[in-house]
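[1] this one's structure only:
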């Protein structure tokens, strides 16, 4: 039976994103009849901030009176931030007095995705993929502004408060080897996670999370994680972090997500005594907009090395002494000679 390398502790760091907001530069006068946007993002955002946030895609529709059929006015329209503020690339859209509006927006680190579907007033990101490719390892933020009433004049700009809707994970490795050993961790991978899902804008919920492939020997959904300082050898009680990666939010019901990594162990002479790929299975719960850091303790026994141990003879009898014989005659009262140093 394979030995599991370690037990993953509960997340030692869980940060809720988008709790602090800051108004970004405005692009249109607040009283304009033209529909304009103002965007808010977290000051301490993990990828997109007020300085780096330059583009999002907007979707919008309205209904008026007794009609229940939404009229689309924005459909993946690009909104960019320039010297004069936020402007969209399509022709101007204007407020209609008495209409009720719904607006949705997203940004994939200032890029777009081909997975969007906007039907009626509902936006979904269908089969959105978060795998190991560089193009899919990007921060995804989303905002909505619904039930906004259009007025003849004095319309405010549409307020977008963008929030992170993926999860982010990282690992910390700590060496618990003896003082005269050093270890190196590399080739860190996450396998068998769910890497495709659908996001529904009106509910803000991810659903239908699936795996692109469930063959752990040849995983298509493998994510490679870079160690922050690759080549650093860890002495006892030293630790090292991995970079963070994005994953789909999901609450797993069984421990079938796996962390793989290669562990190289050297003795005090710098000789490699072991180098092998190890893995640990765990059952995470990843919520959207949260970052998790997992602590992994590295020990020799769990790495597959056999500890040097000692035992005693079960038949030994420490209480028994054998009688020894040493025939010496003692002559008391006789002259004692001074012993020589060699005696």
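    Arrived safely, thanks for sending. Predicted model only: the values in this text are computed from it and were never measured.
[2] Run through the strands of the stretch 51-200 of the chain in chain order.
    With DSSP state E, counting those that start in this stretch applied, the stretch 51-200 of the chain shows strands at 55-64, 71-82, 85-88, 99-108, 116-119, 122-129, 140-149, 158-161, 163-164, 167-175, 182-191, 196-200, listed in chain order.
[3] Check what pLDDT residue 294 gets.
    pLDDT for residue 294: 92.
[4] tell me the SS of it?
    In terms of secondary structure, residue 294 is strand; the call rests on DSSP: H, G, I helix; E, B strand; the rest coil.
[5] Is it bridged to anything, and to what?
    Listed by DSSP bridges, the beta-bridge partners for residue 294 are residue 171.
[6] And it, how close does it get to residue 173?
    Using C-beta to C-beta, to the nearest Å, residue 294 is found at 10 Å from residue 173. In this view, the C-beta of every residue, glycine as well, is placed from N, C-alpha and C.
[7] Pretty sure residue 88 sits against residue 77.
    Yes: the criterion here is C-beta atoms under 8 Å, and residue 88 meets it with residue 77 at 5.1 Å.
[8] so where is this structure shaky, pLDDT-wise?
    Along the chain, segments meeting pLDDT under 70 span 1-33, 39-50, 214-221, 229-231, 302-303, 330-341, 343.
[9] Could you break it into its assigned domains?
    For the chain, the structural domains run 19-161, 167-298, going by automatic domain parsing.
[10] For residue 329, find the nearest of these.
    Closest of the domains of the chain to residue 329 is domain 167-298, at 55.2 Å (criterion: C-beta to C-beta).
[11] how far does the closest one stretch from start to finish?
    This stretch, domain 167-298, spans 26 Å end to end (C-alpha to C-alpha, to the nearest Å).
[12] and it, how far from the chain's centre?
    Computed by C-alpha atoms, centre = their mean, to the nearest Å, the separation of domain 167-298 from the middle of its chain amounts to 9 Å.
[13] quick one: residue 171 and residue 241 touch, right?
    Yes: Residue 171 lies in contact with residue 241 (C-beta under 8 Å); the separation is 7.3 Å.
[14] Mind checking which of these two has more residues around it?
    Neighbour tally, residue 171 and residue 241, criterion other C-beta atoms under 10 Å: the higher count belongs to residue 171, 23 against 14.
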